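[1] Provided below for reference: sequence and predicted model.
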Amino acid sequence: MNYLSHFINYLQATKNLSQKTLAAYTSDLNQFFNFENNILQPDICAFISHLNIELKLKDTSIRRKIITLKNFYNYLIDTEIIETSPFKKLKFRFKQERKLPKTLTVMEISKILKCFDTDASSLSSFAQKEFIRDAALMDLLISTGIRIGEAASITIDDIISSERTLLIHGKGRKQRLIYISSPTTWDRLKTLLKERKKADCNYLFVNRYGQPITIHGIEDIYKKYVKKAQINTKSTPHYLRHTFATNLLANGADLRSVQEILGHASVATTQIYTEVTTARKKQVLKKFNYRNKL
């Protein structure tokens, strides 16, 4: 029996998971199947030890694989292939390492935006199209904090012009509406929209060949303007999401609203941004509070 294909079919039919998530399940289980000879009576501890000692995987990766395996064996129980889970009497403890989200400063964000203050009329027709696209894309990422995968999937039909709103297709096939509060961001999107309506492709952001832009394409565009702005070249587009969230909270936004705007499934995920704002306040107070010198 092909347990893997049956399990993936089951997930597709019952869990409404994205293809990316299904691919992660498939990868984790293939790795387990290649290690374990007896799938129905596995040595889970030996596999975890293999991941930890031989492959030297991070605790976060091992935890994810354990979740995959638990779901797989729960499926085998539900389908009456096995009676009890091999995890029934097992408990795993890992070091809980929480890294604070990395952000850019407001000054660095300003330098990126200044890259689009130049007049593009002197550029060639092709260069003008790229400039219009890049300006709208970068400004949108900065203004809304959406993921680059979400930006890549935006279609012209997702734009609600009367409400200055975008329909965002998030993780787990969840949708949310994002309001474009910045007039400049909205103007850049409208300029791009006029250009895009002339094309056949329904996606808002496309590459030079008229095909939907990929996340790698967005990463390349980000690197281009980070270099041009002469700021942190080791940063990634996800820094923009972290910066957006951190500044919302620092400026007084409530946690629940930020969670909804970012599309987080749990408020606990959003909570970590409050730690960033607290850390920054401590740095400012330590450095600039006059009381420290009295």
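    Cool, got the structure. Since this is a predicted model, take the numbers as computed values, not measurements. Numbers count the residues shown, from 1 in each chain.

[2] once you drop chain neighbours, what's closest to residue 77?
    Nearest residue to residue 77 in three dimensions, chain neighbours excluded: residue 85, at 6.1 Å (CB to CB, 6 or more residues apart in numbering). (Glycine included, C-beta is placed from N, CA and C.)

[3] gap between that neighbour and residue 62?
    Between residue 85 and residue 62 the computed distance is 18 Å (CB to CB, to the nearest Å).

[4] now do residue 94
    From residue 94 across to residue 62, the span is 7 Å (CB to CB).

[5] do residue 19 as well
    Separation of residue 19 from residue 62 (CB to CB) stands at 24 Å.

[6] which one of those two is surrounded by more residues?
    residue 62 (17 against 8; other CB atoms under 10 Å).

[7] residue ranges of the helices in the stretch 51-200 of the chain, please?
    59-78, 106-114, 125-144, 148-152, 183-196 (DSSP state H, counting those that start in this stretch).

[8] after the last one, next one along is what?
    Note on helix 183-196: by DSSP states H and E, the next helix or strand toward the C-terminus is helix 215-229.

[9] got the angle between that following helix and helix 106-114?
    Per axes from the mean of the first three to the mean of the last three CA atoms, to 10 degrees, the angle that helix 215-229 makes with helix 106-114 is 100 degrees.

[10] tell me the angle helix 215-229 makes with helix 125-144.
    Relative orientation of helix 215-229 with respect to helix 125-144: 90 degrees, computed using the same axes, to 10 degrees.

[11] state the mean pLDDT of helix 215-229.
    The average of the pLDDT scores along helix 215-229 is 96.

[12] helices and strands around it, which ones?
    When contacts are defined as 3 or more CB pairs under 8 Å, 6 or more residues apart in numbering; DSSP states H and E, helix 215-229 packs onto helix 106-114, helix 125-144, helix 148-152.

[13] what lies in contact with the longest one?
    Helix 125-144 is contacted from outside by 109, 112-113, 115-116, 120-121, 123, 146, 148, 151, 166, 178, 180-182, 184-185, 188-189, 191-192, 195, 204-206, 208, 213, 218, 221-222, 224-225, 237, 240-241, 243-244, 261, using CB atoms under 8 Å, 6 or more residues apart in numbering.

[14] buried subset of those residues, written for PyMOL?
    To isolate the buried ones among the contacts of helix 125-144 in PyMOL, judged by 16 or more other CB atoms under 10 Å, type:
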select buried, resi 109+112+113+115+116+146+148+151+166+178+180+185+188+189+192+204+205+206+213+218+221+222+225+237+240+241+243+244+261
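
[15] about what we covered before: phi, psi of the residue nearest to residue 77?
    For residue 85, the backbone dihedrals are phi -80, psi 140 (criterion: degrees, to the nearest 10).

[16] neighbours of it, how many?
    Using other CB under 10 Å, residue 85 has 16 other residues around it.

[17] distance of it relative to residue 175?
    Residue 85 is 34 Å from residue 175, by CB to CB.

[18] got it, and residue 190?
    Distance, residue 190 to residue 175, by CB to CB: 22 Å.

[19] residue 103 now?
    When CB to CB is the yardstick, residue 103 and residue 175 sit 27 Å from each other.

[20] which one's more surrounded, these two?
    With neighbours defined as other CB under 10 Å, residue 103 and residue 175 compare such that residue 103 has more, 24 against 10.
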